[in-house]
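Undergrad: this one's sequence-less:
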């Protein structure tokens, strides 16, 4: 298990949050590529995991990411109606809505886990939202709620 | 002359691409010839598309990428047709492939030359709103992603040669002229929009804030120059009041524009207004239009939603003049409202909905291919087969034959492919080469031996992060036996290096850390397959588009991120398993449900390709809805046509006709359907198997409840009126006829337009006037929707003296017992017209009970107007989400007879992509169920959009879910919700993603 | 009239219905409650002949959700010749809801079930009474005119009935088993048609006023003593997976230790699995050996799906539970948007 | 006391510097206003050097090289001419073009060196002090000259001026001579564009602004400012910040 030493985490201003991003292959992953092609700069805080559809993202991935020491989780899919698999994102939206409420009910700060839509043509929107998510997580500070005592 | 099993498709817009894919999937060699430097045509320029507001790029780029790399499609860009000879079945076409001055085999599309070029040329793709280098790519997601040098603006300074590390720039590269031998040609060069510049119409070209609709499309586009923010070109502010002017260059008899209607401007203008408001809520769009021609499926609902939800305001009037207010650069519009007041109103921006002209090279292509053009310089096509040009063996699809929207273009594209099938079906599969691949090495059970190839991509990666350090780091990861770096991993020579390394280190997993898998994964998968490894033993880490390019000025962070991404890829690679693609047999027979025109055309097309076809018709005889129609507006004789079709079907040995028949049930799936039908008075039962299904069950004519229909025998329907005109001469002694449009359409019960009633009304009015010149004919209408070339008949009717009065939907005309019609005109004064016959233009409606039964059997959905719901409005208009089932005719939505014929041919072509193969390969990365964990709760079934899962009883584990690998698309919506993680998606299994989340050293 | 007379009346009613179910051979066996061997609990019993009918009992200690006995983890009631046996289930409101919800998840076939319904007057919060009495041995418990009387060797205490009910029973809106048009023959006894339920959930909204830190602390402290014995999982009718996510090993998603983070994760995921499925019977809290009360979490589960999707579990087998359905337009207020 | 201009001279080592030495050896007197920087060849002079000198308040800059054909490095002075012409066109935008001069002085022309230097000093005297000299030069002009310096140094201009001679006099990569006037047109168009773009970048340095406020500050038509903003956004040098009452505000990206 990863017990990250104290000082590497908490020195605040230059601390860079580490966010895992689950991007749907057809829209959001393509949007991230377009941000690259148009050289739109955004903070190097996210690590992208490609999934076939936002519908594939199981709550286990999200909660495992939080417990494993990632400081934030970002899930992005196609706008409703654009989904390559017709309804994958609609199924995902309902699951995220319920999961998000439960996470906050248990006391996980709002903004730790973020859900968004980004289409294949919205490179700039993707970069803007990554910037926003990074700044939110930066304000929340390192995610040490799930640190194991032993 | 010997027929050739190859086809040339001229023009690679959405139409050309769809035709090529259909033909290539059906086993023909396709030569796709594109005049510009990238495929995608006008659709690639669009931001969103009506009526679903889908993002155009999201839905078209997967299709373009597929066209770009399809094994049977030989794509050549920047070409000109030089000469054509030969006849149907065997043409020889001389094509000049103009040089791009860049070697397509070497260019990796990295874009360094475009950025360093000192010249700034006008970017035509972005409609002159932006600039790009003399060396440029048409748009960032272009397919093929090749840079080209634009010779007119290039000063020949040689800088691009200097910066190009792939040494792809060759200034002395010659044009290539090649003779291509094909059996048929499909012309799909698209259209060019009307440019109001010459006539300085409405100040375009003079006033900065007057833009055309295609320019506004680029302004709206998120990947456009304004990145999706609606700004005024004069000062970059956000315009609050935006005016849209319809019919610019269309329905124009002054000789400046074109007399026909361009069919699509009403809809794209509504969409642009909606999307503008959606982007910037302060924008209040106002549309100045004559008729609003929203005739297609779900179009009327779109217009109503635009008004209600997005605050779009429609003003029914033509703007007379536009003046620019000098200081603010706003625009003062002068127009007259319906009740006669003259109004001057200032707007911040004006968008001209420009019409569609024939492509600039229409005359050139027509002359080369020997096809005739009609009076408007569009391709002349057969009245009853809109894709057949005047020359046999040469077909036309899309806007080249008449202005049309994307769904109709895609339908016609498949229809053209359907007609080519009929011509060249014997030669199917003769010219395509199956690649010979070495046997796959058995890797299951071996410990993972991973090879990592890190890419410099010239300076695109190497210039912004420490590639050698990442390579060193990769070597230290567990199970990695070899890692090295190369300048361009996707170049041809590096492919051979990869194959050598696979042999040398006997790798069983390969990782490439370079650019995006969306475009390059198939290329590398093919390479490792040629080295004997299963395609899926491959993983990519995107360290360019999602790392080096977006963290250009943070060397250290980019390097660390690249290391993380490579490690995550290695962790996932350890968990990958080889995946076999399931192969499925195909029964080369077809079932057509419904014996109207669509059903008969489809059955005949199947039969002419020697596919055994079963045609099931509910009534006693064939003919369907069109039985009581005599002519079309354009004059084609339907009675003769229907009789011919019926005789041909009866004479054709390949077609088994079942009349008075009802489908008992249809089960099985694509390629392997088993069905039974109850037919004849004696209710006999016949069973048969088939590979595909075409649904052509048609629809019904609306029987009005209003306007005293049924109580007064002088109140008749258009169909009855047409019979009286053609078979009796009662019209001679009639003095006045009144027609009422939109009876039973565009109301709450049927909120859609039935598309054909305006044409029927005008046809009958012209015929009545012809038979009895001094007859008084009055048509009471809400919108006259004679789109496309039908506009000329609307003008003919007015010239013949037919009176058109517009009525408002909230107070429709009233009729009393002695046939006196009272109507309130737009200037709200009441007038009374006495009439001998009151003719009602009744629409088309679909019966839910009848459709529901078939829909259940085939697991296909109905929309809320009870018409069948196709897989995708834009890009798969004749397919259903359930594979192997296709739709044709008015069962899909109300349409004219020629549209139904096109859709029938299109359905056959789509079906042939399945029937032409003796076995089809299912998608590899599908779902897989672990039945020891499954508890049969049915959650996954509800989440699956493709009905690929069903509950079965297992001897040991009780009711468990089971997945039909053929129908499963691998989206994972089922696995996302599965509580006991019983479902996994091959290629994205829980373990693989677990490793990517946690594997941290 | 007093609680005990109510109980008596309910009990007689149950016996009468069960008797003629056997007489008319409508069921092969009946699941109900019988007097518990320990004073503070009633035990489930499965009877298959008329003679045992009078063993059935109803007092306010029947916390077990009898629907649990019909889900496959425990072998189904199958007879060699007769095939699936027809089962009568003594059903208070939440047991009825559980049966209907399990039917919507295709776990049981309502044709084989007879819901012996009655209007439940609540279940005692035995954990609270035990804690307040402390380590003394309880000999006898009975309810008499709105008071719970607890007798031990050398003490006798009484607790006000309304106050010492299960927390969930206090706010219960579905006292008798729900019934819809198609279910009319399935339900015998007293059932009720619920179109939709009105509940202000202000207990949930009060809790949600707290800050994230306070919530985390509160939930952590209340769950910290969990020993991961999974009694709650075994008592819950909705937990019928062959292999629970905590026992899976390819991959081992979450830790099995009693470290705070593992405990929080277990309850978070279990809650996620219960969203739109929990019928609020309180069995999980009643069986917990260390006395954790999941009341607030269960209330939140009902609140989410009620507010967002107008759904309450277990009212109509035809309506799909929330995780199985979706609409094109839904509230997206939680999504990240450009500002 | 009368105005004494401060001048700067770039002298090429082989000819003009030797000419200056000869003037010294032959005791030829000329006004002491010019400070000399020796460079190996007049071709070495980068337009940035000239503009930077003016930016710092120097009243005049003199570039001297060998006569055409004498250049020790054969073509150095050819390049100097092209770069000088570009610099002049840039400076014309702010009216400082008459403060720079280019001349050829061979190693044997000691006398001529004295004459041309004194003539330059007198001409500058007539012109008067540079508006940028003195302790409080006009801030707007400073920014304009700074914009010129950055624009003259940009990749695009260096590419265009660097290849001009080869393409217009010998042949371009296609083996054709590119017509000079057309090339000049492209050059002047590029000069204006890069100048305006760099003025925008400088204007945005201290504070984010809207297109309209930039247009009034730089007195350039707003539609052109918008085009420049979009190109700069494409180069990731400028970015969108927010919208205030229908007017987007743009900020500088480093």
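TA: The structure has been received and is ready for your questions. Remember, predicted model here, so these are calculated numbers, not experimental data.
Undergrad: just give the nearest non-adjacent residue to the residue in chain A that chain D sits nearest to, would you?
TA: Proximity of chain A to chain D (C-beta to the nearest C-beta) peaks at residue A:39, 5.1 Å away. Every C-beta, even on glycine, is put in place using the N, C-alpha and C of the backbone. Nearest residue to residue A:39, sequence neighbours excluded (C-beta to C-beta, 6 or more residues apart in numbering or on different chains): residue D:236, at 5.1 Å.
Undergrad: that neighbour against residue A:40, yeah?
TA: Yes. Using C-beta atoms under 8 Å, residue D:236 is in contact with residue A:40, at 6.8 Å.
Undergrad: these two - which one has more neighbours?
TA: Shown here are residue D:236 and residue A:40; by other C-beta atoms under 10 Å in any protein chain shown, residue A:40 has more neighbours (24 against 16).
Undergrad: before we move on, back to that, quick one: contacts for the residue nearest to residue A:39?
TA: With contact set as C-beta atoms under 8 Å, 6 or more residues apart in numbering or on different chains, residue D:236 has these partners: A:39, A:40, A:41, B:552, D:253.
Undergrad: try residue A:140
TA: By C-beta under 8 Å, 6+ apart, the residues touching residue A:140 are A:71, A:72, A:109, A:111, A:112.
Undergrad: nearest residue to the middle of chain B?
TA: By C-alpha atoms, centre = their mean, chain B has its centre lying nearest to residue B:875, at 3.2 Å.
Undergrad: apart from its chain neighbours, what residue comes closest to that one?
TA: That would be residue B:59: by C-beta to C-beta, 6+ apart, it lies 5.5 Å from residue B:875.
Undergrad: residue C:287: how many residues sit nearby?
TA: The burial count for residue C:287: 19, using other C-beta under 10 Å.
Undergrad: ok, it to residue B:657 distance?
TA: 68 Å (C-beta to C-beta, to the nearest Å).
Undergrad: and what of residue B:301?
TA: Distance from residue B:301 to residue B:657, counting by C-beta to C-beta: 38 Å.
Undergrad: which one's more surrounded, those two?
TA: Using other C-beta under 10 Å, the more surrounded residue of residue B:301 and residue B:657 is residue B:657, with 21 against 16.
Undergrad: which intervals of the stretch 851-1000 of chain B have sub-threshold pLDDT?
TA: For the stretch 851-1000 of chain B, the stretches flagged by pLDDT under 70 are B:1000.
Undergrad: quick check: bridge partners of residue 117?
TA: Using chain A. Bridge pairing for residue A:117 (DSSP bridges) gives the partners residue A:77.
Undergrad: you looked at the wrong chain, it should be chain C
TA: Beta-bridge pairing for residue C:117 (DSSP bridges): residue C:91, residue C:189.
Undergrad: so who does it touch?
TA: So residue C:117 contacts C:91, C:96, C:176, C:177, C:179, C:187, C:188, C:189, C:190, C:191 (C-beta under 8 Å, 6+ apart).
Undergrad: hmm, residue C:119 and the first one touching each other?
TA: No. Residue C:91 lies out of contact with residue C:119 (C-beta under 8 Å); the separation is 10.8 Å.
Undergrad: more neighbours: which of the two?
TA: Neighbour count, other C-beta under 10 Å: between residue C:91 and residue C:119, residue C:91 has more, with 33 against 16.
Undergrad: list the contacts of the residue lying closest to residue B:49 once chain neighbours are set aside.
TA: Leaving aside its sequence neighbours, residue B:49 sits nearest to residue B:56 (C-beta to C-beta, 6+ apart; 5.0 Å). Going by C-beta under 8 Å, 6+ apart, residue B:56 touches A:121, B:43, B:44, B:46, B:47, B:48, B:49.
Undergrad: next, count neighbours for residue 50.
TA: Assuming you mean chain A. Neighbours of residue A:50 under the rule other C-beta under 10 Å: 25.
Undergrad: sorry, should have said chain D
TA: Residue D:50 - counted by other C-beta under 10 Å - has 28 other residues nearby.
Undergrad: measure the closest residue to residue B:734 other than its chain neighbours to chain C for me?
TA: Closest residue in space to residue B:734, ignoring its immediate chain neighbours: residue B:836 at 4.3 Å, by C-beta to C-beta, 6+ apart. Distance from residue B:836 to chain C, counting by C-beta to the nearest C-beta, to the nearest Å: 49 Å.
Undergrad: who touches residue B:836 in this structure?
TA: By C-beta under 8 Å, 6+ apart, the residues touching residue B:836 are B:714, B:734, B:735, B:736, B:737, B:819.
Undergrad: so what's the fourth one closest to, chain neighbours aside?
TA: The reference is to residue B:736. Using C-beta to C-beta, 6+ apart and skipping the chain neighbours, the partner closest in space to residue B:736 is residue B:776 (4.2 Å).
Undergrad: what confidence value was assigned to whichever residue of chain A sits closest to chain C?
TA: The minimum distance from chain A to chain C, using C-beta to the nearest C-beta, falls at residue A:107 (2.8 Å). With respect to pLDDT, residue A:107 scores 92.
Undergrad: what's the helix or strand for whichever residue of the stretch 1-150 of chain D sits closest to chain B?
TA: Relative to chain B, the nearest point of the stretch 1-150 of chain D is residue D:86 (12.7 Å; C-beta to the nearest C-beta). Applying DSSP states H and E as the criterion places residue D:86 in helix D:76-92.
Undergrad: any residues touching that helix, and which ones?
TA: D:12, D:41-47, D:50-51, D:54, D:63, D:65-68, D:70-71, D:97, D:99-100, D:102, D:104, D:148, D:151-152, D:157, D:161-162, D:164-165, D:187-188, D:191, D:195.
Undergrad: filter the residues you listed to the buried ones?
TA: By neighbour count, with 16 or more other C-beta atoms under 10 Å in any protein chain shown, the contacts of helix D:76-92 hold D:12, D:41-45, D:47, D:50-51, D:54, D:63, D:65-66, D:71, D:99-100, D:102, D:104, D:148, D:151-152, D:157, D:161, D:164, D:187, D:191, D:195 as buried.
Undergrad: can you map out the strands along the chain?
TA: You didn't pick a chain, so chain A it is. Using DSSP state E, the strands of chain A run over residues A:19-24, A:46-51, A:72-77, A:113-117.
Undergrad: other chain: chain D
TA: D:7-12, D:34-39, D:60-65, D:100-104, D:209-210, D:238-244, D:247-252.
Undergrad: for chain C, same thing?
TA: Under DSSP E, chain C gives strands at C:29-34, C:43-47, C:78-79, C:83-84, C:87-91, C:113-117, C:138-144, C:147-152, C:156-160, C:187-189.
Undergrad: about what we covered before: got the contacts of residue B:836 as CSV, with pLDDT, neighbour count and secondary structure columns?
TA: Converted to CSV, these look like this (pLDDT from 0 to 100; neighbours: other C-beta atoms under 10 Å in any protein chain shown; DSSP: H, G, I helix; E, B strand; the rest coil):
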residue, pLDDT, neighbour count, secondary structure
B:714, 90, 13, coil
B:734, 89, 18, coil
B:735, 91, 11, coil
B:736, 92, 15, strand
B:737, 92, 24, strand
B:819, 84, 18, coil
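Undergrad: thinking again about what came up before, run a quick neighbour tally on the residue nearest to residue B:875.
TA: Residue B:59 has 26 neighbouring residues, counting by other C-beta under 10 Å.
Undergrad: before we move on, which element is it in?
TA: For residue B:59, the element it lies in under DSSP H and E is helix B:56-69.
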